[in-house]
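# structure, please.
(chains A and B)
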Amino acid sequence: SQQGEEDPQALSIQEGENATMNCSYKTSINNLQWYRQNSGRGLVHLILIRSNEREKHSGRLRVTLDTSKKSSSLLITASRAADTASYFCATAASNDYKLSFGAGTTVTVRA
Amino acid sequence: DAGVIQSPRHEVTEMGQEVTLRCKPISGHDYLFWYRQTMMRGLELLIYFNNNVPIDDSGMPEDRFSAKMPNASFSTLKIQPSEPRDSAVYFCASTPREGRQETQYFGPGTRLLVL
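The predicted structure follows:
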């Protein structure tokens, strides 16, 4: 079952613009992770944020976590064509050991 | 490191045939996960191992599915008999000690088509 739900399902932006996608989840979490999947490839881990953290940065990526709202956002700044991919949030529940993935947001960056 | 290795990359088979998917995790990783990805159901965890021992197979859809990990460097996912609804991309992922909730490293996947 999918605990995380991403929004929007799809996003199309111009190169250089920022892309923001959101993830909502239902139960308490230990951590939340974001992964990227290029077409026909496996998932690649981008960033992990723990339940006691509110914001984290990695290069052009910025992730926020609001445990009171059970939501997270991923911001990609100054997007590039190479950022075209599907982005998934994955949650690790506090009382569970499984990593549950959302349905993903498909991002298209137009040159 | 070569990363997680999966074989074959593509498999086309006929309904009723046995299918075996293979995975070699990253050396030193103690956890191994098998996932299935479809458009309808997204990415589903099928089973995972810790130190070669199956820990949770509640995601395995039916008895037709079985998974083994005979040693730390090799795992198989078998479907017998296969059915068209098993068509999907199957991913293997591994993660190091203390890492069942930490970063997972995915293989390239096996794209399975059952006719």
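# what residues does chain B put near chain A?
B:4, B:33, B:42-43, B:45, B:48, B:55-56, B:91, B:93, B:100-109 (C-beta under 8 Å from any C-beta of the partner chain). Bear in mind the C-beta positions are built from the backbone N, C-alpha and C, glycine included.
# switch the cut-off to 6 Å
Within chain B, the positions near chain A by C-beta under 6 Å from any C-beta of the partner chain are B:42-43, B:45, B:91, B:100-101, B:103, B:106-109.
# confidence-wise, which of the residues you listed comes last?
Model confidence across the residues of chain B next to chain A bottoms out at B:Arg100, which has 52.
# who are the contact partners of the spatially most central residue of chain B?
When C-alpha atoms, centre = their mean is applied to chain B, the residue found nearest the centroid is B:Trp34 (3.1 Å). Shown here is B:Trp34, whose contacts under the criterion C-beta atoms under 6 Å, 6 or more residues apart in numbering or on different chains are B:46-47, B:67, B:77, B:92.
# of the residues you listed, closest to chain A?
When those are ranked by distance to chain A (C-beta to the nearest C-beta), B:Cys92 comes first, at 8.8 Å.
# these two touch, right, the closest one and B:Gly3?
No. Counting by C-beta atoms under 6 Å, B:Cys92 does not reach B:Gly3; the two are 10.7 Å apart.
# coming back round to it: let's have the contacts of B:Trp34 in CSV, adding neighbour count.
Putting the contacts of B:Trp34 into CSV (neighbours: other C-beta atoms under 10 Å in any protein chain shown) gives the following:
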residue, neighbour count
B:Leu46, 19
B:Ile47, 22
B:Ala67, 20
B:Leu77, 24
B:Cys92, 28
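# quick one on the thing from earlier: how much space between the residue nearest to the centre of chain B and chain A?
Distance of B:Trp34 to chain A, computed by C-beta to the nearest C-beta, to the nearest Å: 12 Å.
# ok, back up a step: for the residues of chain B next to chain A, which two are the farthest from each other?
B:Gln101 and B:Pro108 (23.4 Å; C-beta to C-beta).
# show me where chain A has strands.
A:5-7, A:10-14, A:19-24, A:29-37, A:43-50, A:55-58, A:61-66, A:71-76, A:85-93, A:99-101, A:105-110 (DSSP state E).
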